[in-house]
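Student: Structure for this input, please:
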Amino acid sequence: MALKVTKISRVNPATNSSHDTINSLVLPLTFFDLRWLKFHPAERVIFYKLNKDSSRDSFHSVILPKLQLSLSAVLRHYLPLAGRLRWDPKDLKPHILVLPNDSVKLIVAESDADFSIISGKGLRPETEIRSLVPEFQVACDSPSVLALQVTLFPNQGLCIGLSFHHSMMDGKTVTMFIKSWAHVCKHETMALPENLTPFLDRTVINVPASLDTKILEILSYFSEEKDNLRSLKLPPMEKISPEVVRITLELTPESINKLRERAKKKSTRSELHLSTFVVAYAYLWTCLVKARGGDVDRPVRFMYTADFRNRLDKPVPETYFGNCVFPLGCYGYKAGVFLGKDGFVNSIRIISDSVKGIALQNIEALCELYIDGLKRVKPGTQTGSVAGSNRFGVYTSDFGWGKPVSSESVSIDRNEAFSMSERSDGPGGVEIGLCLKKCEMDLFISLFQNGLQN
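Tutor: Numbering: from 1, shown residues only. Below is the predicted model:
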């Protein structure tokens, strides 16, 4: 696949008139933001089939101007996305700073790839998918927080790629931003409905200040600059091996119910929490551990994030802008727990207990558990995690060309992570993304499919 960059521009937040300016804004990072400070950028790409205006001329004369104009308009609402991260020597923690002339980088590119293949669900080289998101500047002490790329597949379709600093926003917030941009583009308006208007007041995150200190103290676990933990430079990103492939799988409502009934039948416990998330993640994790194989005594751990918008003493608005998620983990297990015939039921039990435990503990206790688990991780531990959610509604973002045909979490290619979203072609169930080396992927797919049939 050949990809050619045709234009690089900067898009400023819109103003009411040519004499208007954007006021400066300082937005402090909260406890939930700080956890992601040293993480690589999160990346997503969304594919749209174009039934008209798909030629090169129409794209540049019709579609691209609409995307740029609507991006400028929506950035007026999502002003922090035009800013940069700063950590001044006098400050205890970093903040987001927006100055009057700040902007967002927008790359325009063109690809000669077959759109139906690259936006499909079959095996695809991950290096091709990765080229559709903009590279993020990591070696910078005051990094931008968002970069965008629009790639045209002439006479076929386009995709929108996003790279964003995870300390800026969680998956729910970035999905709300995409929906907001799509709404402004489709309806040619500066206004946003209430359910898409970001809530910027950080004072609603009501957690003890001591938790900020605890999270900042563990940044050394994620930083290569041990002697300068206040540096906002991110670790360099390793190149993706050409052996790594991506696949998109589905668990239909029927499959989820089948797995749920299997868990009920084989478990000796009746109080299991058998949500779609628990059932899907337990099944995927079991397949992943089995695909790796190896020593039954090797250490494994699996992670997920919990949304705390409705779990703090005072609920946080659903349209809150930022991070309001925290990672939770299942630590101290060996691969043998999941390799045998009871591996799936064991996974169900462990994840069910973990999810149910969230309601029984406050954020201070959960933070202590996370820090303790992090310190106990042994070298060589197989780690699995989940990005996204089947409740975000990523397939409802219509810019005026219809709903997306596909949406991929690109950043899962750097670790053994699954992505989860609602299915693109029907209600219920879950869509899953995964990246592995081809030999391991073939085994995973076989385990995944056979486990549903048997």
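Student: any weak-confidence spans in the stretch 151-300 of the chain?
Tutor: 223-227 (pLDDT under 70).
Student: can you give me the strands in it?
Tutor: 157-164, 244-251, 299-307 (DSSP state E, counting those that start in this stretch).
Student: so what does the first one touch, helix or strand wise?
Tutor: It refers to strand 157-164. In terms of contacts (3 or more C-beta pairs under 8 Å, 6 or more residues apart in numbering; DSSP states H and E), strand 157-164 is packed against strand 42-49, strand 146-153, helix 171-187. For every residue, glycine as well, the C-beta is placed using N, CA and C.
Student: wait, which of the ones you listed is closest to residue 326?
Tutor: helix 171-187 (13.0 Å; C-beta to C-beta).
Student: quick one: buried residues of the closest one?
Tutor: By neighbour count with 16 or more other C-beta atoms under 10 Å, helix 171-187 contains the buried residues 171-185.
Student: Likewise for stretch 394-411?
Tutor: By neighbour count on 16+ other C-beta under 10 Å, the buried set for stretch 394-411 is 394-395, 397, 399-401, 403-411.
Student: That stretch: how far from the chain's middle?
Tutor: 14 Å (C-alpha atoms, centre = their mean, to the nearest Å).
Student: Show the average pLDDT along it.
Tutor: Regarding stretch 394-411, the rounded mean pLDDT is 97.
Student: end to end, how far does that stretch reach?
Tutor: Using C-alpha to C-alpha, to the nearest Å, the end-to-end distance of stretch 394-411 comes to 16 Å.
Student: sorry, back to before: going by distance to residue 137, which of the buried residues of helix 171-187 wins?
Tutor: Distance ranking of those against residue 137, using C-beta to C-beta, places residue 174 first at 18.3 Å.
Student: which residue packs closest to the closest one, ignoring adjacent ones?
Tutor: residue 164 (6.2 Å; C-beta to C-beta, 6 or more residues apart in numbering).
Student: and what of residue 448?
Tutor: residue 287 (5.1 Å).
Student: for residue 258, same thing?
Tutor: residue 452 is the one closest to residue 258 (C-beta to C-beta, 6+ apart), at 7.0 Å.
Student: Could you do residue 89 as well?
Tutor: In space, residue 89 is closest to residue 230, 7.9 Å off (C-beta to C-beta, 6+ apart).
Student: was I right about that neighbour contacting residue 86?
Tutor: No: using C-beta atoms under 8 Å, residue 230 makes no contact with residue 86, being 10.8 Å away.
Student: what are the ranges of the helices in the stretch 1-150 of the chain?
Tutor: 31-34, 56-58, 64-77, 115-118, 126-130 (DSSP state H, counting those that start in this stretch).
Student: Please enumerate residues in contact with the fourth one?
Tutor: Okay, so that is helix 115-118. 1, 47, 49, 111, 124, 128, 129, 132, 153, 156, 157 (C-beta atoms under 8 Å, 6 or more residues apart in numbering).
Student: one more time with 10 Å
Tutor: The contact list for helix 115-118 (C-beta atoms under 10 Å, 6 or more residues apart in numbering) reads 1, 45, 47-50, 54, 111, 123-125, 128-129, 131-132, 151-159, 246, 405-406, 408.
Student: Of those residues, which count as buried by neighbour count?
Tutor: 45, 47-50, 54, 111, 124-125, 128-129, 131-132, 151-154, 156-159, 246, 405-406, 408.
Student: I'd like to check which residues are in contact with residue 134.
Tutor: With C-beta under 10 Å, 6+ apart, residue 134 has these contacts: 5, 8, 41, 43, 105-107, 109, 146-150, 161-163.
Student: what residues are shared contacts of residue 230 and residue 86?
Tutor: Joint contacts of residue 230 and residue 86 (C-beta under 10 Å, 6+ apart) are 94, 141.
Student: Between the strands of the stretch 151-300 of the chain, which one is closest to residue 427.
Tutor: So among the strands of the stretch 151-300 of the chain, strand 244-251 is nearest, using C-beta to C-beta, at 12.5 Å.
Student: Just the buried residues of that closest one, please?
Tutor: Buried, per 16+ other C-beta under 10 Å, within strand 244-251: 244, 245, 246, 247, 248, 249, 251.
Student: helices or strands up against that strand?
Tutor: For strand 244-251, the elements it packs on are strand 124-125, helix 126-130, helix 253-266, helix 276-292, strand 406-409, strand 417-421, strand 430-437, helix 438-453, judged by 3 or more C-beta pairs under 10 Å, 6 or more residues apart in numbering; DSSP states H and E.
Student: want to try TSV for those, with distance to residue 318 as columns?
Tutor: Shown next, in TSV, are the helices and strands packed on strand 244-251 (distance: least, C-beta to C-beta, whole Å):
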stretch	distance to residue 318
strand 124-125	34
helix 126-130	30
helix 253-266	25
helix 276-292	18
strand 406-409	21
strand 417-421	18
strand 430-437	21
helix 438-453	33
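Student: Pick the most buried one from the ones you listed.
Tutor: Of the helices and strands packed on strand 244-251, the one with the most neighbours on average (mean count of other C-beta atoms under 10 Å) is strand 406-409, at a mean of 26.
Student: Please save the CA atoms from that strand in PDB.
Tutor: Below are the C-alpha coordinates for strand 406-409, written out as PDB (Å, rounded to 0.1, in the frame of the first residue of the first chain):
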ATOM      1  CA  SER A 406     -15.600   0.200  10.300                       C
ATOM      2  CA  SER A 407     -13.800   1.600  13.300                       C
ATOM      3  CA  GLU A 408     -10.500   0.400  14.700                       C
ATOM      4  CA  SER A 409      -8.600   1.100  17.900                       C
END
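Student: by contact count, what packs against it?
Tutor: Using 3+ C-beta pairs under 10 Å, 6+ apart, the elements in contact with strand 406-409 are strand 42-49, helix 115-118, strand 157-164, helix 171-187, strand 244-251, strand 382-388, strand 417-421, strand 430-437.
Student: Within its sheet, name the partner strands of that strand and how each one runs.
Tutor: strand 42-49 (antiparallel) (DSSP bridges).
Student: Quick one: work out the angle between the strand it pairs with and strand 146-153.
Tutor: 30 degrees (axes from the mean of the first three to the mean of the last three C-alpha atoms, to 10 degrees).
Student: Distance from strand 42-49 to the middle of the chain?
Tutor: For strand 42-49, the separation from the chain centroid amounts to 11 Å (computed by C-alpha atoms, centre = their mean).
Student: the inter-axis angle of that strand versus strand 382-388?
Tutor: Going by the same axes, to 10 degrees, strand 42-49 makes 50 degrees with strand 382-388.
Student: Quick one: work out the angle between strand 42-49 and helix 171-187.
Tutor: 30 degrees.
Student: average pLDDT across strand 42-49?
Tutor: 98.
Student: swap in stretch 81-99?
Tutor: pLDDT averaged over stretch 81-99 gives 95.
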